[in-house]
Structures are given as structure tokens and as C-alpha cells.
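Chemist: generate coordinates for the sequence data below:
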Amino acid sequence: MSTTTRLLSQSVPKNGVIMPPWLHDITQSTSAAPKLYAWTPENLPNCSADGESQSATPKDLQKRIFILGIGNLGRFYANSLAKLGQEVPVTLVLHRKSLLEHWVSEPGIELTRYDVTERISSFNVEWWTEQAPAHGPVREVCDGAKIANLLVATKAPDALPQVDRLRRYLDGNSTVGFVQNGMNKLWPPYGAIYSEHRFPPRQHPNWLVCVTTHGVYSLGAFKSVHAAPADIAMGLVLPNPDTAGAADYLTEQILKAPELEARKVPRNALWVLQLEKLIINSLINPLTAVIRCMNGHLFDQPAPGLKKLMDMLVDEASQILQALAQHSSSQDILTGVDSAPDADLSKEALVERFSAAQLNAMLQRVGEKVKENRSSMCQDVMAGKQTEVREFNGWLVQMAEFLGLEAPNHKKLCELVEAGVVGEQNLLEAYFGKK
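Modeler: Just a heads-up that it's a prediction; the model follows:
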């Protein structure tokens, strides 16, 4: 079995739920969460870091927002949250030592918007690792206390594994916000199984999702361009019924932060918005990644073969979303706590909203807006980086199997991206053969 096939295949049922491999692996694990150390510039040899120790008081920890992953979206959120002032302290959590060293030599996040560049350096910075520092103060993450507010801005494949690694520092009073593309893994039916396995009863964090439509691209380490201002739709994916109010603080800061343009939406509306954004990502990203083209190539009079393939992918995705809207696992989302009664979000309305015709119309609207851009996945493959294709098309493949359907066209697209296939002709021949 190939690596891609194994990652897209489902696993044995638990409580009647067929589990994807990532969840099966977690439920089979009995290992304890690791103890992590918080390295700061003071822990780097030959570093004469100025300022006070970064040890925090309990009051500070309740207000402090940790941002895990300082790529484009991490920088964007950090830049905006920093403008709320010292009353909202922010710590940037870096993923490797070299970035901490880079920060020491060139501190600050640079964000360019409308040709104006601003640099903000009023952050604490830390690198969280199992390795205790040999130089400077030795501190555990949060001095061994719990993280109250965590924004996860890593790439989608890394998001839940990174959070899972931090579970020692999370509990029912923690709020964890995810800002990645793709469907969050903690939507029903999988979120409850994960939380039940990794946390004591009713002690899982409040899981928050921020569906972010802003366009941001990188100019290098700690430097980004906010190229396409848009908005953020935010809400709870899986609230803790005992501590849902604990999410209010992080939610309020995101709502107040300038430039984020965030709004809070009911759980059912959030789910639909994330599904629709997934469809956009599952078409534009992998196709442009294989063809190595700007987004507009897909929408500005595409060749007949490419148009046929896009229609096939939309039709397949439409069948999956329509079946999901009618599945029993979606009922809690559509009618449960934190969802708002809305006739436009009924099962019947969603079957129409998720029709191939409606999804195609949505794609055309979005395609017109982003035609001058290059997709993030196209940028990733051109830079030799890991892609998020398993979080987009792979999610559709896994959901199809969960629903008793098949998604061969999206599965093939996953395989083509991961095999490094390049060119429109090679793409079309993989589906339709040589003419």
C-alpha cells in the first residue's frame, strides 16, 4: 500500500464510527504528553538579550495569547493583535532554534499593506522543545501551568499533531483557535472521540476555528505582504459544555483587533463556510500546483479537457457534501448548541446549496477575485515544500468513504500532486489517457 493510499484510507470503527488513520493512531497511543521547555533569547549562547525574564504571573497567563507557527497567517494575526496594546500580551512560539537566533539578530514582524510596511517587535518569543537549555534560565512552558489562549497558525497537516503534543498544558479552561485552510479535524464525528481519548472527562479545551479569507504571502522570515484584505468568520467547533465561557476572551480580542475584520458566526454557519472554502481550495490549489499556473488560468476560457476535469471534481465534491448534510453525524452541528435556527441552513437548503451548479457558480465568483494570484499550493510545490493536498482533497476522499461513497477523481489528484506530476498535458492524460 502506498503512503498516500494508507493516509487516505479509513480504519476500524470505534463506537460505530469509521476512523481515519490519524485518529486511529491517536486512539492506539498510550504515551504521555512530553514535558516541554520554553527557550527564549536568554538561552542562546553569546546572546546578551535585554529585558526582563519572560516568566509570567497567573494574571498574565490568563490574558496572554500564544501564537504557534509564525508563517504568513501567524504574522498577520500577531501584527493585528499587537495593536491592542500591552493589555493583550502576545508570545510567538517558533518551531526551530534557528528562527529564535534569527529573531535575536533581526527582531520584529514586518507586514506590508497597501505598499506601507510596518515592523512590530513588542512580542515575547519562545521555542518549545523537549531539550532543556544548557545556558540561561531553565523554564517549562508556562512555568508548568496551563495555556489559556492558543492560536495555531501552522500548516494544516501540522496543526493537530502540534496541539496534541501540547495537551499536557491544556485543560477545560483553555481555548485553542485554528486558523488553517481545510476542514478542521475536530468537527463531528471525530472531535468527541479525540477529546475523550486525550483529556479527562469534560476537561478538553474549547476548540475554536477562524475561517480566514485574507490573502497573505511571504517575503522571507518574519516578513509578509497582506495582499488581499478580506475577513474572518469565527466560532466554536466543539465547545466544552462546562467552560464554554472561557473562549470569550480570545474571541473578543480577535474581534477587536484591527485589520482582522473578524465576525462571530453560529456553529452551523461556520461549518458551511468552512466546507465551501474547502471546495475552493480543493479545486484551485491542486490544479494550479500541477499545471504551475496562476489561478486565472482555470477560469479564463480553460481548454475543454481542463474544464471537463474541473466539472468532474465539482460533481464528485457535490455528492459528498450533499450526503454529509443529510447524515446523522451532521445533525448536532445543524441544530445543536451554538447553532442558530436558519432556514437557509436546513438539510434541504444545504442539498441545494451544495449542488454542482451552485458550487460551480461560487467557484467562478471566487476565481474572478483571485485570478491574478498564485495559489499557496502552487507556491509550495515550486519551493519544494510539503503541500496541504491531504487536508483538502484527502479530506473529501476520507469523508466519501465514511459516507459509503467513493471519490476516485479527488484521490487521483492527491496522488498526482504528491508524485510531483507537472504540466496540464500530463494532468489530463492521467485522467483521460493519451489522445
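Chemist: who does Thr112 form a beta bridge with?
Modeler: Thr117, Val225 (DSSP bridges).
Chemist: surely it is in contact with Ser218?
Modeler: No: counting by CB atoms under 8 Å, Thr112 stays clear of Ser218, with 11.0 Å between them. Every residue, glycine included, has its C-beta placed from N, CA and C.
Chemist: can you work out which residues contact both of the two?
Modeler: 224-225 (CB atoms under 8 Å, 6 or more residues apart in numbering).
Chemist: report the secondary structure element holding Ile67.
Modeler: Assigned by DSSP states H and E, Ile67 falls within strand 65-68.
Chemist: burial of the spatially closest residue to Lys256 that is not a sequence neighbour, as a residue count?
Modeler: Nearest residue to Lys256 in three dimensions, chain neighbours excluded: Leu84, at 6.2 Å (CB to CB, 6 or more residues apart in numbering). Counted with other CB atoms under 10 Å, the neighbours of Leu84 add up to 17.
Chemist: now swap in Asn393 and tell me
Modeler: Asn393 sits with 31 neighbouring residues when counted by other CB under 10 Å.
Chemist: again, but for Asp342
Modeler: For Asp342, the count of nearby residues is 13 (other CB under 10 Å).
Chemist: hang on, the earlier thing: SS state for the residue nearest to Lys256?
Modeler: With DSSP: H, G, I helix; E, B strand; the rest coil as the basis, Leu84 sits in coil.
Chemist: my guess is it meets Leu255, correct?
Modeler: No: using CB under 8 Å, Leu84 is not in contact with Leu255; the gap is 10.7 Å.
Chemist: gap between the residue nearest to Lys256 and Pro200?
Modeler: 33 Å (CB to CB, to the nearest Å).
Chemist: and Ser330, by the same measure?
Modeler: As judged by CB to CB, Ser330 and Pro200 stand 28 Å apart.
Chemist: for these two, indicate the residue with more neighbours.
Modeler: Ser330 (19 against 9).
Chemist: now do the SS call for the closest residue to that one other than its chain neighbours.
Modeler: Distance criterion CB to CB, 6+ apart; nearest residue to Ser330, sequence neighbours excluded, is Leu324 at 5.9 Å. When classified by three-state DSSP, Leu324 comes out as helix.
Chemist: could you count how many residues lie near Leu324?
Modeler: Neighbours around Leu324, by other CB under 10 Å: 21.
Chemist: for stretch 375-386, buried residues please.
Modeler: 375-381 (16 or more other CB atoms under 10 Å).
Chemist: with just CA atoms, put it into CSV.
Modeler: What follows is stretch 375-386, C-alpha atoms only, in CSV (Å, rounded to 0.1, in the frame of the first residue of the first chain):
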residue,chain,number,x,y,z
SER,A,375,-2.3,29.6,-5.0
SER,A,376,-0.4,28.7,-1.8
MET,A,377,-0.1,25.1,-3.0
CYS,A,378,1.4,26.2,-6.3
GLN,A,379,3.9,28.3,-4.3
ASP,A,380,4.7,25.3,-2.0
VAL,A,381,5.4,22.8,-4.8
MET,A,382,7.6,25.4,-6.7
ALA,A,383,9.5,25.8,-3.4
GLY,A,384,9.8,22.1,-2.8
LYS,A,385,7.7,22.3,0.3
GLN,A,386,5.1,19.9,1.7
